[in-house]
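> Need the 3D shape of this:
(one chain, ligands or ions: 1)
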Amino acid sequence: MEVFSQDPLMILPIVKYGHPVLRQRGRPIDVFDQSLEDLVDAMLDTMYDADGVGLAAQQIGKALQLTVVDVSQSDDRPSSMKVNNEPVDLQEYMPLVLVNPLIDQPSSTVSGPEGCLSFPEIYADIDRPEQVRVRAQDHKGNPVEFVCDGLLAKAIQHEVDHLNGILFIDRMSTRDKDRWRPQLESLQDQTKQALKAD
Ligand code: NI
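You can find the predicted model right below:
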């Protein structure tokens, strides 16, 4: 960490595949206090530092129903968002802090490329519903509800999976998973070795 930074960033280590916390279902959050705000700030700093579009609490080692998402820099992969059935300017809603999120998936599925900060250098096309309705709370506990599609819908589904201990490799085609198997096994081994050394 930079000692003389004007705006001290709080970059947390990102948990990699092989760490058991990634398989834990997040606990619901019912206390909306300063420590939650500090955690959210640290998760945002960590996500931006890693050039990610989403980060789940499990990825910084905490099994909680909490995720942050920001797709505002992804111009090449558009998203749209509706609040109360009206299209809204997505930029005004980013970053999204989703506490205790629930999603409905009322649409047909589309395939699109995904990666994950817990799986460096591993990518695959994943099928997911094209559009989702999201109900959650923000970092203050206020209700949040919207419908979205595009990259935002993909990112939120990927993150909500994390909150339930589900990883994108669970949704990969058998062929992709076979293709990535050596990298997955080596990543898992590295993570387990590092945990043993701690
Ligand atoms: Ni991920």
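
> Distance-wise, check Q59 relative to S107.
Per CB to CB, to the nearest Å, Q59 is found 27 Å from S107. All C-beta atoms are positioned from the backbone trio N, CA, C, and that covers glycine.

> Compare these two (neighbour count), which wins?
When Q59 and S107 are compared on other CB atoms under 10 Å, the one with more neighbours turns out to be Q59, at 27 against 15.

> Contacts only, for A155.
Contacts for A155 were tallied using CB atoms under 8 Å, 6 or more residues apart in numbering; they are 53-54, 69, 71.

> and the longest helix belonging to the chain, how far from the chain's centre?
Longest helix in the chain, counting residues (DSSP state H): helix 174-197. Counting by CA atoms, centre = their mean, to the nearest Å, helix 174-197 is centred 20 Å from the centre of its parent chain.

> Not counting that helix itself, show me its contacts.
With contact meaning CB under 8 Å, 6+ apart, helix 174-197 is reached by 16-19, 119-122, 124-125, 169, 172.

> and that helix, C-alpha only, in PDB?
Coordinates of each C-alpha in helix 174-197 appear next as PDB, following Å, rounded to 0.1, in the frame of the first residue of the first chain:
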ATOM      1  CA  THR A 174     -17.900 -30.400 -20.600                       C
ATOM      2  CA  ARG A 175     -15.700 -29.700 -23.500                       C
ATOM      3  CA  ASP A 176     -14.400 -26.300 -22.200                       C
ATOM      4  CA  LYS A 177     -13.900 -27.800 -18.700                       C
ATOM      5  CA  ASP A 178     -11.800 -30.600 -20.200                       C
ATOM      6  CA  ARG A 179      -9.800 -28.100 -22.200                       C
ATOM      7  CA  TRP A 180      -9.100 -26.000 -19.100                       C
ATOM      8  CA  ARG A 181      -8.500 -29.000 -16.700                       C
ATOM      9  CA  PRO A 182      -4.700 -28.700 -16.500                       C
ATOM     10  CA  GLN A 183      -4.900 -25.000 -15.700                       C
ATOM     11  CA  LEU A 184      -7.800 -25.600 -13.200                       C
ATOM     12  CA  GLU A 185      -5.900 -28.300 -11.400                       C
ATOM     13  CA  SER A 186      -2.700 -26.300 -11.200                       C
ATOM     14  CA  LEU A 187      -4.500 -23.200  -9.900                       C
ATOM     15  CA  GLN A 188      -6.200 -25.400  -7.300                       C
ATOM     16  CA  ASP A 189      -2.900 -26.900  -6.200                       C
ATOM     17  CA  GLN A 190      -1.200 -23.500  -5.900                       C
ATOM     18  CA  THR A 191      -4.100 -22.200  -3.800                       C
ATOM     19  CA  LYS A 192      -4.000 -25.300  -1.500                       C
ATOM     20  CA  GLN A 193      -0.200 -25.000  -1.100                       C
ATOM     21  CA  ALA A 194      -0.500 -21.400  -0.200                       C
ATOM     22  CA  LEU A 195      -3.100 -22.100   2.400                       C
ATOM     23  CA  LYS A 196      -0.900 -24.800   3.900                       C
ATOM     24  CA  ALA A 197       2.000 -22.400   4.100                       C
END
